[in-house]
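[1] Show me the folded form of this:
(chains A, B, C and D, ligands or ions: 6)
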Amino acid sequence: MKLHEVKVLGRERFGDHALLRYRWSGVAHEPGQFVMVRALSSPTLDPFLSRPLFVHDYDGEVVSLLFEVRGRGTARLAREDAGLLVSTPLGRGFVFDGKEPVALVGGGVWVSPLKFLSRALNTSGIAHDIYLEVPATASTAYADWLSKSYPHAVLIPTDGSLNSPKTVLSHLGDFSRYAAICASGPSEMLARVKEVSTVPAQLALRERMACANGSCYGCAVPLWREGARIYTRACIEGPVFGAEEVVDVQKSGD
Amino acid sequence: MKLHEVKVLGRERFGDHALLRYRWSGVAHEPGQFVMVRALSSPTLDPFLSRPLFVHDYDGEVVSLLFEVRGRGTARLAREDAGLLVSTPLGRGFVFDGKEPVALVGGGVWVSPLKFLSRALNTSGIAHDIYLEVPATASTAYADWLSKSYPHAVLIPTDGSLNSPKTVLSHLGDFSRYAAICASGPSEMLARVKEVSTVPAQLALRERMACANGSCYGCAVPLWREGARIYTRACIEGPVFGAEEVVDVQKSGD
Amino acid sequence: MSFGWAYYGLFTMASEHLEFVESSALAVELCGIPLATPLIPAAGTLAREALEDVRGVYGAMLPKTVTPAPRSGNPPPRVAEAASGMVNSIGLQNPGLERFLEDLEHYDIGAPLFVSVAADTVGEFAAMCERLVGEERVAAVELNLSCPNVEHGGLQFCAGPSAVREVVSVCRGALAGKPMFVKLTSERVVANAVAAEEAGAHALTLINTVPALVVDARARGVFLRGGLSGPAIKPVALRAVYEVSKVVEVPLIGVGGVAGGTDVAEFMLAGATAVQVGSGSFVREPQVVLEEFAAYLREQGVFARDLTGALAGY
Amino acid sequence: MSFGWAYYGLFTMASEHLEFVESSALAVELCGIPLATPLIPAAGTLAREALEDVRGVYGAMLPKTVTPAPRSGNPPPRVAEAASGMVNSIGLQNPGLERFLEDLEHYDIGAPLFVSVAADTVGEFAAMCERLVGEERVAAVELNLSCPNVEHGGLQFCAGPSAVREVVSVCRGALAGKPMFVKLTSERVVANAVAAEEAGAHALTLINTVPALVVDARARGVFLRGGLSGPAIKPVALRAVYEVSKVVEVPLIGVGGVAGGTDVAEFMLAGATAVQVGSGSFVREPQVVLEEFAAYLREQGVFARDLTGALAGY
Ligand SMILES: Cc1cc2nc3c(=O)[nH]c(=O)nc-3n(C[C@H](O)[C@H](O)[C@H](O)COP(=O)(O)OP(=O)(O)OC[C@H]3O[C@@H](n4cnc5c(N)ncnc54)[C@H](O)[C@@H]3O)c2cc1C
Ligand SMILES: Cc1cc2nc3c(=O)[nH]c(=O)nc-3n(C[C@H](O)[C@H](O)[C@H](O)COP(=O)(O)OP(=O)(O)OC[C@H]3O[C@@H](n4cnc5c(N)ncnc54)[C@H](O)[C@@H]3O)c2cc1C
Ligand SMILES: Cc1cc2nc3c(=O)[nH]c(=O)nc-3n(C[C@H](O)[C@H](O)[C@H](O)COP(=O)(O)O)c2cc1C
Ligand SMILES: Cc1cc2nc3c(=O)[nH]c(=O)nc-3n(C[C@H](O)[C@H](O)[C@H](O)COP(=O)(O)O)c2cc1C
Ligand code: FES
Ligand code: FES
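    Ligands and ions are numbered 1, 2, ... in the order given. The predicted model follows:
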């Protein structure tokens, strides 16, 4: 996969979370798409694989990525001095038929793509509400940043240990008020949205990835297609899927 | 092996060569000793092993290392932004019985330990001459730096392709003018010093190292000991050996 | 034998594509099949959706292993990272031989097409070979023997020389002279290689992934049981190629951990005629690997085909 | 079964040394031998000149493999770097058994002493064991079977189950009940492990280095033919421990690529009772590895001995 060296415009840290902004003059991003990234200083060996991250925001010139520092890869990305290599935007994002209002439902760091989605809906004049879970494990710094960054969102503090999926959904109340749901959260929340939503829902799924171009068949997502259960590839057919076609939400994406 | 994080005071580049200075308040270094070093940003995997480097100079507070950028490890060390991890001084260096004058003979990047050696001889008031080969492959920047850094040395430009060992030795002329020879250069030069020196010579050898504390038996140097040919460990019994006890100089140290 | 680089005539490296006026610097021949470059994608690491950038880079195309019937593959997780590599357990997800053949035109990169096959029984292996022998678009068949033989209690076809000999000789008969590569793992590779050659293999592909386990210490669970690939296994793969090259006559195809141009050279020096790129292509562009390899050839003043086995002791 | 960390009473991590008021958090038992920590140096990776910093870190001492007569070892180069690891070919340089035993006191780190042995023939193996059986300072003997059997054309003692069975049963007899560990490579590890257990091994050490080759592309030469170790082989070693743990009853000692505290946990979860640290100790302090492992135990609220085999599926 070809990665492009980009100019990092800024790095911010909120506890274990980081926001990274870079200039992008290539092909335009769509909400729900992701990019493969790696630190410039680790071209091959440590860590070996590039990391998939949702496009958190994109204004036509600047892309931002929001991530949690978990392991070797994200630790490197968060380091101040590291240059950045990124792919072009990958996969299929959220799709709209213009019906409104739309509910955006998110939780944890997975709220990331909803920012860009909200921007796109605003541009298209599509009414929407945002409901975001803030797990108890999130740092105050991240929680504060979330409330500033999503000023119109309903923020729902949850008991993170269980990822309390009911909490955000109970705030949302009657699904039928909405024309559609777009969800990006921990696997239990997504599973719950799939289970209970009475209106069309789209789920931003994650799965372990290696190639991110359809070659390795690593990022398998079980779907119903023409009545049969098949594994499709999240990197080229997703990461956003219609909830009804997803067989079940795998926890290996958490 | 325990490595210590040190404050890098400066990095200079001369073509493919680099000089790195750091503050050191631990146990004092001796001329001919070496340290194991690695970039702070690569604690384990890439590259895996630490790199052995001679102590180029040491004034009681600041250590400097002179190295050629060859592969992954030295490339990292030469990068401006990398922090540094270093071991305490390791191995056995040059030894003196006070006889003078002494000839210091070096070539290529291996001239490195002779700087510190010259400083120590000056301190002890031992007269010495320095003869340094400058291979044709060296950059002008490095050649210029050498002539500034070793102002009293006889610099001998050589046809680097053959490492022309005769050249430096012919400049040196009659060995018997000297009480001792201390050599640090490419393997062919060291082999030649061993072969032709008529006075006691000490050779600063290198060999591939992994542990640098005697554990792995990787850094084998063939020696004559009590009439038998044995392999000793350069990291704890060397890297400086008496030429007469060395069976032959291995090119795997180049 | 080596030629000065000047011999190549004009050699220019464009930013996007290599252009050889004398392109024979990179060309090799494998079982009589001319390859424009010695690089081949490793089976299972290049899908038809990702062929855009590899035209002119690979000397042949080799799609993911195909089985007689469609396979849906293993549940996720299927991939995990390891030190300098990765572990995978895909489970041979593929559309099955018939459907694969219907879509064969999608694998056209303007280079010979090789097809990797696997099956549960020797009989099924033979049937696939019989189906492929008349397929003119298929220049060679690679037998993937790192799959369980259901007739032998699930032991792999490459578990030992006798199992290898059986499946290879049957496929050799079924393929009636069409070039057949036999792909082995590092386990018992010398004995298996000899058996494969004796049974009629035209070339050997060395090596498949190395059995591995990834444990999640925090979850205290097995994360993945699969095969290790990537730079971590390069020294193991090089050793396999080197040892096997001393005991067989057939050409070898080296695979395992190639991620740069000198890796390609190392495999050829150790005895390989062609080299496959797998996981390395996930982190570096095959195009760049080829450019680096071409630069190496230029620096050393040799042709690719002269590297094979041209290894001195240290 | 797991206990809350509070159970340990006072647990303080000093900057230089671990201090356990309730030190049983780290303790394990191996073949009836109590070890204060589950860490053991891997044979050949800790010399008597380097024991200063490992007191209290290792639960037992294990010096480099000893042979009946002195060996001078291989000519250099003997070590080379690889991706996330290294390759070595030391050639068992050692002073020979008698001289080694004379110097035995130099290996005292205040912990049980294990001795690794290798020989050219089964008879020599047996003779070494007979010499060691009466040596009270030696708590256990590890048979290093990754060495060539000169009576069998240079094939390794661990080339296959029948060879393993022969040498292990003879040594078992010679050792008359003294704990005997049998060290195997990853090749054919399950079959060899079963054979070793049947022949009387008290524990199995898994794995030795993986056969590897390092090529110098610029010099167009073999740089080193040896064994790969380090993090690169960790997934291979974990797999060996895991698969073997399912088919044998004897305790396992995991080794391969340990360079941090969670690596230790991974090996124990996969089925190991104790864990050896080899090349990892060249790049990280064993002391730090132990501290990280202790922190892991505290975080998870478990005792070391409870980890062995406590692995769930994902
Ligand atoms: C389509 C997609 C979009 C994503 N977007 C974001 C995002 O916007 N913000 C964010 O914080 N995280 C996101 N993730 C998850 C993110 O990729 C992982 O958290 C990250 O890779 C962990 O890397 P690491 O180096 O910190 O962890 P390590 O533990 O070092 O990772 C080891 C390996 O596991 C993979 N991995 C680990 N966790 C996950 C995971 N949850 N999902 C997939 N692969 C994983 C890594 O990519 C790597 O290959 C996304 C994942 C996918 C698939
Ligand atoms: C005692 C001693 C002192 C040394 N002092 C100096 C010095 O002052 N200046 C200097 O430039 N070089 C010195 N060297 C050599 C230096 O260690 C190597 O040039 C360096 O390790 C190459 O590392 P790399 O990452 O650039 O190369 P890589 O090719 O990435 O190295 C791969 C592996 O080979 C080893 N290696 C490569 N070349 C050599 C070599 N010539 N000798 C030993 N190991 C090698 C590396 O340490 C590493 O383990 C010394 C070597 C020894 C043993
Ligand atoms: C994701 C993935 C899928 C693979 N699928 C196959 C396959 O279908 N058939 C096969 O013979 N080998 C398969 N392999 C093994 C590779 O072809 C190759 O032998 C191995 O990965 C070592 O090469 P590498 O280190 O360059 O990846 C696969 C490897 C990976 C990483
Ligand atoms: C330099 C070196 C020397 C070794 N010598 C021996 C030895 O004498 N006997 C033995 O059984 N194993 C020996 N080994 C193998 C190790 O004990 C261990 O099995 C292997 O290195 C894998 O562990 P690691 O990845 O932690 O190094 C040696 C390994 C290295 C790196
Ligand atoms: S990540 Fe390889 S197919 Fe999706
Ligand atoms: S480097 Fe290990 S013994 Fe010298």
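
[2] how about the helices of the stretch 51-200 of chain A, start to end?
    A:72-78, A:112-123, A:140-149, A:165-172, A:187-196 (DSSP state H, counting those that start in this stretch).

[3] What of the stretch 1-150 of chain C?
    For the stretch 1-150 of chain C, the helices defined by DSSP H, counting those that start in this stretch occupy C:97-102, C:122-133.

[4] Dump those helices into CSV; add distance to ligand 5 as well.
    (Each C-beta comes from the backbone N, C-alpha and C, glycine too.) Supplementary listing: the helices of the stretch 1-150 of chain C in CSV, determined by distance: least, C-beta to the nearest ligand atom, whole Å:
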stretch, distance to ligand 5
helix C:97-102, 17
helix C:122-133, 24
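
[5] taking these together, which one is wrapped up most tightly?
    Of all those, helix C:122-133 carries the top mean neighbour count, a mean of 19, counting by mean count of other C-beta atoms under 10 Å in any protein chain shown.

[6] Show residues contacting that helix.
    The contact list for helix C:122-133 (C-beta atoms under 8 Å, 6 or more residues apart in numbering or on different chains) reads C:66, C:68, C:97, C:101, C:115, C:117-119, C:138, C:141, C:143, C:149, C:151, C:157, C:166-167, C:170-171, C:173-176, C:178, C:180.

[7] swap the cut-off to 7 Å and go again
    Helix C:122-133 has contacts (C-beta atoms under 7 Å, 6 or more residues apart in numbering or on different chains) with C:68, C:97, C:115, C:117, C:119, C:138, C:141, C:143, C:166-167, C:170-171, C:174-176, C:178.

[8] In strands, which of these appear?
    Those of the contacts of helix C:122-133 mapping onto strands are C:115, C:117, C:138, C:141, C:143, per DSSP state E.

[9] Show me which of those residues is closest to chain B.
    Taking C-beta to the nearest C-beta as the measure, chain B sits nearest to C:Leu143 out of the ones in strands among the contacts of helix C:122-133, at 35.0 Å.

[10] And the furthest pair within the contacts of helix C:122-133?
    C:Val138 and C:Glu166 (23.2 Å; C-beta to C-beta).

[11] looking at chain A, which helix or strand does the model trust least?
    Each helix and strand of chain A was given a mean pLDDT (mean pLDDT, DSSP states H and E); the minimum falls on helix A:165-172 at a mean of 72.

[12] Can you name the residues in contact with it?
    A:103, A:105, A:107, A:131, A:133, A:154, A:156, A:158, A:188-189, A:192, A:196.

[13] quick one: contacts for the residue nearest to A:Lys115 when sequence neighbours are not counted?
    Excluding the flanking residues, the one nearest A:Lys115 by C-beta to C-beta, 6 or more residues apart in numbering or on different chains is A:Asp57, at 4.8 Å. Residues in contact with A:Asp57 (C-beta under 7 Å, 6+ apart) are A:64, A:115-116, A:119.

[14] With C:Glu285 instead?
    C:Glu285 sits next to A:2, C:53 when contact means C-beta under 7 Å, 6+ apart.

[15] In CSV, list the C-alpha atoms belonging to the least confident helix or strand of chain A.
    Output in CSV follows, covering the C-alpha atoms of helix A:165-172 (Å, rounded to 0.1, in the frame of the first residue of the first chain):
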residue,chain,number,x,y,z
PRO,A,165,-25.1,0.2,26.0
LYS,A,166,-28.6,0.8,27.3
THR,A,167,-27.7,4.2,28.7
VAL,A,168,-27.1,5.9,25.4
LEU,A,169,-30.0,4.2,23.8
SER,A,170,-32.4,5.0,26.5
HIS,A,171,-31.5,8.7,26.2
LEU,A,172,-32.2,8.3,22.5
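
[16] Let me know the angle separating it from helix A:187-196.
    Orientation check (axes from the mean of the first three to the mean of the last three C-alpha atoms, to 10 degrees): helix A:165-172 against helix A:187-196 gives 50 degrees.

[17] quick one: which of the helices of the stretch 51-200 of chain A is nearest A:Pro31?
    For those, proximity to A:Pro31 was assessed by C-beta to C-beta; helix A:112-123 is nearest, at 3.9 Å.

[18] how about that closest one: buried residues?
    Using 16 or more other C-beta atoms under 10 Å in any protein chain shown as the test for burial, helix A:112-123 gives A:112-118, A:120-121.

[19] about what we covered before: output the contacts of helix A:165-172 as a markdown table; include the columns pLDDT, distance to B:Gly26 and neighbour count.
    Output for those, formatted as a markdown table (pLDDT from 0 to 100; distance: C-beta to C-beta, whole Å; neighbours: other C-beta atoms under 10 Å in any protein chain shown):
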| residue | pLDDT | distance to B:Gly26 | neighbour count |
| --- | --- | --- | --- |
| A:Ala103 | 96 | 62 | 23 |
| A:Val105 | 96 | 57 | 31 |
| A:Gly107 | 92 | 50 | 27 |
| A:Tyr131 | 95 | 57 | 25 |
| A:Glu133 | 91 | 51 | 28 |
| A:Val154 | 91 | 58 | 14 |
| A:Ile156 | 89 | 54 | 19 |
| A:Thr158 | 83 | 51 | 21 |
| A:Glu188 | 91 | 52 | 17 |
| A:Met189 | 92 | 53 | 27 |
| A:Arg192 | 91 | 58 | 21 |
| A:Val196 | 88 | 64 | 14 |
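
[20] biggest separation within these, which pair?
    Using C-beta to C-beta, the two most remote members of the contacts of helix A:165-172 are A:Val154 and A:Glu188, lying 19.2 Å apart.

[21] Can you pull the residues of chain C lying near chain B?
    Residues of chain C lying near chain B by C-beta under 7 Å from any C-beta of the partner chain: C:83-84.

[22] Would you mind listing where chain A has pLDDT under the threshold?
    A:43, A:80-81, A:160-166 (pLDDT under 70).

[23] Those residues of it touching chain D, which are they?
    A:Leu45.

[24] before we move on, what about the stretch 201-314 of chain C?
    Contact residues, the stretch 201-314 of chain C versus chain D (C-beta under 7 Å from any C-beta): C:210-217, C:220-223, C:228, C:231-232, C:234-236, C:238-239, C:242, C:262, C:265-266, C:269-270, C:296, C:310-314.
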